[in-house]
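only geometry, no sequence info:
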């Protein structure tokens, strides 16, 4: 990187001093070595050291930081645990990175109203841990739930394997406190589901840090179901597994989770965690049923008979809680398992109508041959949310670029068959320039109007979600990697 | 009413001519006798004849009408079936009333994806009628479902007795086509639940016609449950019924519906429809369980035992579909039943945390004595959504004003105990000036920013939802009635 000039250094010093005036002590980080841990999120192909990291302790500090940045035209990137798979928390070279790690307290738990009020830095699993002794849990369960925070879940509208029955984050968040770039503190929603007036809560969930910084979250907690049992169902063909998923839903059964893994995913997961997945199948379904014991057994039998009718070659039901957890362990470890068999991988995230599944998998195999890159497929099959993991080696010239082109083709295919660009990982930087494949100019213009209504200076998480060049017919695509400065097209001060 | 002056007449003629140039034939109504049917919605205490009614046939006509009104600073009030209970479709003297009655076609039904695509003027029940032969239905079921249209349901985020389990309109709408005041046609959502980018769909649902006019709606349809059975449970005290509701939910049971009626409501309904409600109880619960037959019987027994533990004095389960429908008929007829025992009534709509129910009912009885007006209570008890019907006689001087003050006290009480101003009827004009009881200046300012982003001239359904005077500490309340011109505070041309 070239040495910044004097004006840039002076501006940097001014920003850091302003931050120190608001957040005392070790809450402001500006030494390059200490900034390094913040240079990327889980979309590790993109890296950028921020100008400064600020770790506020109080809502007032958050408001003061944002107000100052707004008044002084400084970009702000909010950050939770940095587990975003779409680059949602990727810093900019000229940004204040607002890290919410110190907002890690559970503020209130009310079992009668079934709500928990927590700060945004509490982890997803931390909520369940806080209420599980009373027999409750928080339903959305992204694979990263040990690490990811509820603030990030709100920003990305995170899902998980149980969202088929229990909904995404947006269906489980009842209210938030939001600080806007102008330093206003807005309360949206509350302890009841239906707000009066315009439903701003719904638009904040999934807004990827573009509209404000969430400083408090009220979530719905659910009583742990009386029973939960999982089925492992092996199929000789992906088509059979896909039809089984369609038939289960068509029978009026909403499983707690219904996941599919293709053969390479099954092998990678089994090699990693040894949970006893069948290796001689082309597709594996994990179907979880929950509820009262009698209902559970009844549904288990129904699903098994639907599976057999679709040519299932093996069916195994969990006999106890330990085995149920083991069945899921392989699925939840699919991403690290991919990391063991390939130096790098790109995790994609798109949603398609369920019935297009076999068709989309066939096309994906053709892409795999075309780009000469392996692909492992895990999906939330029940809601048609695909997570293809494209395997590549960043040290082999051209492979990242091929992987990205492969990924873009997959997402365009999702849109083509009537799906959407993202299921639960957000748009971020990863899918930003694909937005015009999904939205018309007019559609995007109205999203941008909303953005501007909340953040007229376009300072909050600038460069994410909205395609930078979407007024051009031909989109320029960017290829950046390991240490390179991304976003050459973003203005710098 | 005073005779309008020449300038007003000229402007009126100009607007009518512009409308006729866009919508030919009988699609433009401007004769006062023909305008009369449009002067109010179901909040009949407020009446106003619009300047002109326009009934477009095509999306292009809707866009042209809106674009012309935007360019010429003319207010627009969108209207579905006119069944709003909050005055959401109440005309303004200087508005184009955009009636969507001709948009009454079902465009597509897809049982595999479980969606129906319909025009906004299709009735709520019309959707179910179109899919019931295939074993499907549309879940939200407002009492007005025979008449009310899906466009109005989207505008008001309508509920119904089955929303406890199946959600409000917002949980059952997957996509809309929206025409903005500038004539832009925006598509939001689609056939899949999770949109990419900012979730504008969620904010359109429940936006009460302030952000745009919906011209197409994609809804989720559900398979009719295998079995549905209803329980009629009588209690000697409201407290017992309230505790029963809390205990059912606490037991992890989500009934398809769980409604409470107090003694006056039971008597009024029984006198009207004779369905065999017990008359010697202080509170009646109707609890519906649905699902597979075995699950249904199991849950029925559980609910009955919870009811007995809370002092239920009578429990009766429906034995066939005819009886189940009869159990509901009384509840669904509660509003017209109130109309039989009182010349007029105000139907209120607020939501409270379930556990505050007995407390709120006690306070409501005190208000009833204080204002010397009767009140009948029906509620969606499972989700804490109250519908007190305040009985009054509009021909007795002062009674409407007392009824309105009584209603405002109820809604303030809802907010005071941690609830919200509206459950499912919207803010409209009815609750507009109570918004500051619920929202801070800052909260409202951000809702207004969103409004301005979509409708910078504030022309769409002007005078609804947002308090006109919310910058004043003391709100002036308005009392208008039968034929009086409401909104003296709204600017006229």
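Received, thanks. Keep in mind that what you see is a predicted model, and the values were worked out from it rather than measured.

and whichever residue of chain A sits closest to chain B, how many neighbours does it have?
Distances between chain A and chain B by CB to the nearest CB are smallest at residue A:202, namely 3.0 Å. Any C-beta I mention is one placed from the backbone N, CA and C, and that applies to glycine too. Per other CB atoms under 10 Å in any protein chain shown, the neighbour tally for residue A:202 reads 24.

mind listing the strands for the stretch 51-200 of chain A?
Ranges of strands in the stretch 51-200 of chain A, per DSSP state E, counting those that start in this stretch, are A:52-54, A:75-79, A:95-99, A:106-110, A:115-118, A:136-137, A:173-179, A:185-189.

Provide the strand pairings for the first one, with the direction of each partner.
Paired with strand A:52-54 in the same sheet, following DSSP bridges, are strand A:28-29 (antiparallel), strand A:95-99 (parallel).

any idea which of those is most buried?
The highest mean neighbour count among the strands paired with strand A:52-54, using mean count of other CB atoms under 10 Å in any protein chain shown, belongs to strand A:95-99: a mean of 26.

interface residues of the stretch 101-250 of chain A facing chain B?
Residues of the stretch 101-250 of chain A that fall close to chain B, judged by CB under 8 Å from any CB of the partner chain: A:112-114, A:157, A:159, A:168, A:170-171, A:180, A:184-188, A:190-200, A:202-203, A:205-207, A:210-211, A:223, A:225-226, A:246, A:249-250.

Among those, which are located in helices?
Judged by DSSP state H, these include A:200, A:202, A:203, A:246, A:249, A:250 as members of helices.

Adding pLDDT, write those residues out as JSON lines.
Listed next are those as JSON lines, based on pLDDT from 0 to 100:
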{"residue": "A:200", "pLDDT": "93"}
{"residue": "A:202", "pLDDT": "90"}
{"residue": "A:203", "pLDDT": "93"}
{"residue": "A:246", "pLDDT": "85"}
{"residue": "A:249", "pLDDT": "85"}
{"residue": "A:250", "pLDDT": "79"}
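
Which one (most neighbours) among these?
Ranking those using other CB under 10 Å puts residue A:200 first, with 26 neighbours.

which residues sit in contact with it?
Contact analysis of residue A:200 by CB atoms under 8 Å, 6 or more residues apart in numbering or on different chains lists A:186, A:188, B:203, B:446, B:447, B:450.

just checking, the third one touches residue B:449?
No: if you go by CB atoms under 8 Å, residue B:203 and residue B:449 don't touch, sitting 11.9 Å apart.

Greatest separation within the contacts of residue A:200: which pair is it?
Between any two of the contacts of residue A:200, the greatest separation by CB to CB is 14.2 Å, found for A:186 and B:203.

Run through the stretch 51-200 of chain A and note the low-pLDDT ranges.
In the prediction, the stretch 51-200 of chain A carries residues with pLDDT under 70 at positions A:192-195.

Closest to the centroid, which residue in chain A?
residue A:425 (2.9 Å; CA atoms, centre = their mean).

Do you know the pLDDT at the nearest residue in space to it that is not next to it in sequence?
In space, and not counting its chain neighbours, residue A:425 is closest to residue A:349: 3.9 Å by CB to CB, 6 or more residues apart in numbering or on different chains. Residue A:349 carries a pLDDT score of 86 in this model.

Contacts only, for residue A:349.
A:85, A:86, A:385, A:386, A:387, A:422, A:423, A:424, A:425.

and the angle for the helix or strand where residue A:289 lies with strand B:283-291?
Using DSSP states H and E, the element containing residue A:289 is strand A:283-291. Interaxial angle, strand A:283-291 versus strand B:283-291 (axes from the mean of the first three to the mean of the last three CA atoms, to 10 degrees): 160 degrees.

Which neighbouring elements make contact with the helix or strand just after strand A:283-291?
As assigned by DSSP H and E, the chain's next helix or strand after strand A:283-291 is helix A:293-309. Helix A:293-309 is packed against strand A:227-235, helix A:238-250, strand A:283-291, strand A:312-317, helix B:293-309, with contacts defined by 3 or more CB pairs under 8 Å, 6 or more residues apart in numbering or on different chains; DSSP states H and E.

Next, the buried residues of helix A:293-309.
A:295, A:296, A:298, A:299, A:300, A:302, A:303, A:304, A:306, A:307 (16 or more other CB atoms under 10 Å in any protein chain shown).

Contacts for it, please.
Helix A:293-309 has contacts (CB under 8 Å, 6+ apart) with A:226-229, A:231, A:233, A:244, A:247-248, A:251, A:253, A:255, A:285, A:287, A:289-291, A:312, A:315, A:317, B:291-292, B:294-295, B:298.

now with 7 Å?
When contacts are defined by CB atoms under 7 Å, 6 or more residues apart in numbering or on different chains, helix A:293-309 is touched by residues A:226-227, A:229, A:231, A:233, A:244, A:247-248, A:251, A:253, A:287, A:289-290, A:315, A:317, B:292, B:294-295, B:298.

Averaged pLDDT, it. What do you get?
The model assigns helix A:293-309 a mean pLDDT of 93.

what do you get for stretch A:367-374?
96.

Buried residues, it. List them.
A:367, A:368, A:371, A:373.

thinking again about what came up before, and the residue nearest to the centre of chain A, how far is that from residue A:386?
11 Å (CB to CB, to the nearest Å).

swap in residue A:28?
41 Å.

try residue A:244
17 Å.

again with residue A:204
Counting by CB to CB - residue A:204 and residue A:386 are separated by 26 Å.

With residue A:183 instead?
Counting by CB to CB, the gap from residue A:183 to residue A:386 is 40 Å.

Pick out whichever of the two has more residues nearby.
The neighbour count for residue A:183 versus residue A:386, taken as other CB under 10 Å, is higher for residue A:386 (25 against 17).

what secondary structure does the more buried one sit in?
When classified by DSSP: H, G, I helix; E, B strand; the rest coil, residue A:386 comes out as strand.

Residues contacting stretch A:138-152, please?
Under the criterion CB under 7 Å, 6+ apart, residues A:80-81, A:83-84, A:100, A:118, A:120-125, A:127-128, A:153, A:158-163, A:166, A:168-169, A:172, A:214, A:217, A:219, A:221-222, A:332, A:335 lie in contact with stretch A:138-152.

what about 6 Å?
Stretch A:138-152 is contacted from outside by A:80-81, A:83, A:100, A:118, A:120-125, A:127-128, A:158, A:160, A:162-163, A:166, A:169, A:172, A:214, A:217, A:219, A:221-222, A:332, using CB atoms under 6 Å, 6 or more residues apart in numbering or on different chains.

Could you do stretch A:165-181 as well?
Counting by CB under 6 Å, 6+ apart, A:62-63, A:66, A:70, A:139-140, A:153, A:157-159, A:185-191, A:204-205, A:212-220, A:254, A:256, A:454-455, A:459-460 sit against stretch A:165-181.
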